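> Model the following, please.
(2 chains)
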2 protein chains.
Amino acid sequence: VILAVCLSPAIDVTYHVDRLVHGTTVRVGTVAERPGGKAVNVARVLHGLGEQVLLVAPVGGETGDELRRGLARLGLPSRLVPSGTCTRRTVTIVDAEGEATCLVEPAAMDCWPALLATVEESLAHARVMVLSGSLPAGVPERGLTSLVGTAHARGVPVVADTHGAALLEALEARCDVVKPNADELAQVSDGNDPARAARGLADRYGTVVVASRGADGIVAATPRGTWEARPAAALAGNPTGAGDALVAGLARGLAHDRTAFDHPEETLRAAVALSVAAVRVPTAGDVDVSAYDDALAGVRVRALDGVG
Amino acid sequence: VILAVCLSPAIDVTYHVDRLVHGTTVRVGTVAERPGGKAVNVARVLHGLGEQVLLVAPVGGETGDELRRGLARLGLPSRLVPSGTCTRRTVTIVDAEGEATCLVEPAAMDCWPALLATVEESLAHARVMVLSGSLPAGVPERGLTSLVGTAHARGVPVVADTHGAALLEALEARCDVVKPNADELAQVSDGNDPARAARGLADRYGTVVVASRGADGIVAATPRGTWEARPAAALAGNPTGAGDALVAGLARGLAHDRTAFDHPEETLRAAVALSVAAVRVPTAGDVDVSAYDDALAGVRVRALDGVG
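This is a model prediction of the structure:
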């Protein structure tokens, strides 16, 4: 089982409107709602590929009920931990020209001990744990460190996709793989060269740093070397979906082979191909499996230094 | 009891943000949620004034559960009719400068026969029925006419606040009082003079037409004459709140005296004073009762023609 821990799940609401004009009343044409949050998207991609996956997330309030039902409709196995704070919403307003404006509510939870206990129980059969998304209010100091330590104590590797202080905590807790994008990487390192920054963090923390660079694919720094992987054609489309699919690919590689990052070429190729298959669909968490198969052959992986 | 029928209730969500920039991800600072919909606001104003009130509305989905709990928190007596369609939301985005952008989801219901039956039962002890807001999808053709006919068959007068085709239907069904604003009035009559348009509709349909004119107060045309009522100072602030408080005042007048509009001066004075007390509070449905008492003396009511 791949365990996906989503501390900041959401109901993702999409409003289609003609035009979003400030200071006016705007009639919404159509409304779509679905379970969201980065780790939920990762779990959906893995589930769509036929992987066994288990989602753990806090849920509260009416939006929490809605999340529970939404996950059941998707057939996504989950252990949801009751929280006294409402599951948040995100509202994305898409106008007739396709421009998207996303409003993100703050996330909060109040059930940390129960969540940690649920993760501990769920680790028994896990091959890898994914931690994706921001840390909500209500996670205690060093909470992420506790989660990672719990996994490592059971020999389960951890893939983390977060940013800012949480990304630094993930590195210090020795997450096995971290996946920042170029902006998130720049925030925690000096300079703007993703390859150099990833290399520096990998050396400092002895971990795998996979930096996503949008249309240019990824740079991956491992203790053994640095690689880049580029899609056959420039990626354009849904960046959230692409990032979450990339994380799904990295976790899947580790789940199938604990030593996947000793020789990471095939895992990187597969993860970038998943990104390619996700970036063109409008909904994060959806992957076009035939597009994935097509994309696999087109990804070019190249050693930049090290063992190659 | 004053019966408030809300066919298009909502959960009104308010997002406070720094700036709303198109095409970006905007972090929401604070989120506020409360029961909404015009007739809900009217019922809240009446409840705040100590009137006995009963709200009838369709509710569905998780937002319907939220509406039910919100009304219970407010202590607002209600009979909620289960609908298979979700209660809608409105999302108002208020930026740091106070500019408000409101996104209104489409409203729908699928429980018309049960709703009509609930209204019929609730009319037994009603002194007046208020119909406020738009007609959702799922209301059958001539549905508003049926509601009004049901009330009239029991001798209960009807105050309607709606617009467009529904306003015309309310007039044709001989609602006792209709309350369009100047724009809504212009849409169903010729010319842009509210007093002339209200007079014309009152003559044609034999009903009371109270046209709200924003900062200028109101014009009321009854079968006996035409009046205007102006607040002491120009109104500025929350127009939704002001309109719903005005309707509450008109309904209250009728509830206390079935012949209130034979000599409408005091009812108009009280209704405009309620508007004044509502327009300065940010939340529709809230009224500052001491501001109401202060405003009463300042409202000037003047006959424009007729019996005076």
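> Can you tell me the SS state at A:Val56?
strand (DSSP: H, G, I helix; E, B strand; the rest coil).
> quick one: the residue of chain A found nearest chain B and B:Thr87, what's the gap?
Of all residues in chain A, A:Glu62 sits closest to chain B, at 4.0 Å by C-beta to the nearest C-beta. Bear in mind the C-beta positions are built from the backbone N, C-alpha and C, glycine included. For A:Glu62, the distance to B:Thr87 (C-beta to C-beta, to the nearest Å) stands at 10 Å.
> next one: A:His16
From A:His16 across to B:Thr87, the span is 20 Å (C-beta to C-beta).
> same deal with A:Val279?
For A:Val279 relative to B:Thr87 (C-beta to C-beta), the value is 35 Å.
> So these two - more neighbours on which side?
The neighbour count for A:Val279 versus B:Thr87, taken as other C-beta atoms under 10 Å in any protein chain shown, is higher for B:Thr87 (29 against 25).
> what residues are up against that one?
B:Thr87 is in contact with B:9-11, B:58-61, B:63-64, B:66-67, counting by C-beta atoms under 8 Å, 6 or more residues apart in numbering or on different chains.
> Would you reformat these as CSV and include pLDDT?
Listed next are the contacts of B:Thr87 as CSV, based on pLDDT from 0 to 100:
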residue, pLDDT
B:Pro9, 98
B:Ala10, 97
B:Ile11, 96
B:Pro58, 98
B:Val59, 98
B:Gly60, 97
B:Gly61, 93
B:Thr63, 93
B:Gly64, 96
B:Glu66, 93
B:Leu67, 97
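> which of these come close to chain A?
B:61, B:63, B:66 (C-beta under 8 Å from any C-beta of the partner chain).
> still on that earlier bit, what residues are shared contacts of A:Glu62 and B:Thr87?
With C-beta under 8 Å, 6+ apart as the test, A:Glu62 and B:Thr87 both reach B:63, B:66.
> For A:Ala220, what are phi and psi?
phi -120, psi 120 (degrees, to the nearest 10).
> beta partners for it?
According to DSSP bridges, the partner residues bridging A:Ala220 are A:Val210, A:Trp227.
> In helices only, show me the contacts of B:Thr87.
Judged by DSSP state H, the contacts of B:Thr87 include B:61, B:63-64, B:66-67 as members of helices.
> got a markdown table for those, with distance to B:Glu97 too?
Listed next are these as a markdown table, based on distance: C-beta to C-beta, whole Å:
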| residue | distance to B:Glu97 |
| --- | --- |
| B:Gly61 | 34 |
| B:Thr63 | 29 |
| B:Gly64 | 34 |
| B:Glu66 | 29 |
| B:Leu67 | 31 |
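> ok now the helix or strand harbouring A:Arg199, how far from the chain's centre?
Following DSSP states H and E, one finds A:Arg199 within helix A:194-205. Between the centre of helix A:194-205 and the centre of its chain there are 20 Å (C-alpha atoms, centre = their mean, to the nearest Å).
> near chain B, which residues of chain A?
So chain A meets chain B at A:15, A:17, A:20-31, A:61-63, A:65-66, A:88, A:91, A:93, A:95, A:99-106 (C-beta under 8 Å from any C-beta).
> hey, where'd the strands end up in the stretch 51-200 of chain A?
Using DSSP state E, counting those that start in this stretch, the strands of the stretch 51-200 of chain A run over residues A:53-59, A:78-82, A:88-94, A:100-104, A:128-132, A:158-161, A:177-178.
> Tell me who's in contact with A:Ala251.
By C-beta under 8 Å, 6+ apart, the contact set of A:Ala251 is A:2, A:42, A:46, A:128, A:130, A:159, A:177.
> my read: the fifth one touches A:Val1, true?
No - counting by C-beta atoms under 8 Å, A:Val1 is not a contact partner of A:Val130; they are 11.2 Å apart.
> Which one's more surrounded, the two?
A:Val130 (32 against 18).
> quick one: contacts for that one?
The contact partners of A:Val130, taken as C-beta under 8 Å, 6+ apart, are A:2-5, A:39, A:42-43, A:158-161, A:247-248, A:251.
> cool, and A:Ala10?
The contact partners of A:Ala10, by C-beta under 8 Å, 6+ apart, come to A:35-37, A:67, A:87-90, A:104-105, A:107.
> Could you turn the buried ones of the residues you listed into a PyMOL selection?
Here is the PyMOL command that selects the buried residues among those (16 or more other C-beta atoms under 10 Å in any protein chain shown):
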select buried, chain A and resi 35+36+37+67+87+88+89+90+104+105+107
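> Considering the contacts of A:Ala10, which is situated nearest to A:Gln52?
Using C-beta to C-beta, A:Pro35 is the member of the contacts of A:Ala10 that sits closest to A:Gln52, with 18.6 Å.
> for the closest one, phi and psi?
Torsion angles, degrees, to the nearest 10, at A:Pro35: phi -60, psi 140.
> Near A:Arg19, how many other residues are there?
The number of residues packed near A:Arg19 is 11, by other C-beta under 10 Å.
> er, A:Asp262 actually
Using other C-beta under 10 Å, A:Asp262 has 11 other residues around it.
> cool, and A:Gly75?
Counted with other C-beta under 10 Å, A:Gly75 comes out at 7.
> Ok, the one 4 residues further on next?
Burial of A:Arg79 is recorded as 14 neighbouring residues (other C-beta under 10 Å).
> Over to A:Ala273?
With other C-beta under 10 Å as criterion, A:Ala273 counts 26.
> for A:Ala137, same thing?
Using other C-beta under 10 Å, A:Ala137 is surrounded by 11 other residues.
> Skipping its backbone neighbours, what lies nearest it in space?
Nearest residue to A:Ala137, sequence neighbours excluded (C-beta to C-beta, 6 or more residues apart in numbering or on different chains): A:Ala108, at 4.2 Å.
> try A:Gly70
In space, and not counting its chain neighbours, A:Gly70 is closest to A:Pro35: 4.0 Å by C-beta to C-beta, 6+ apart.
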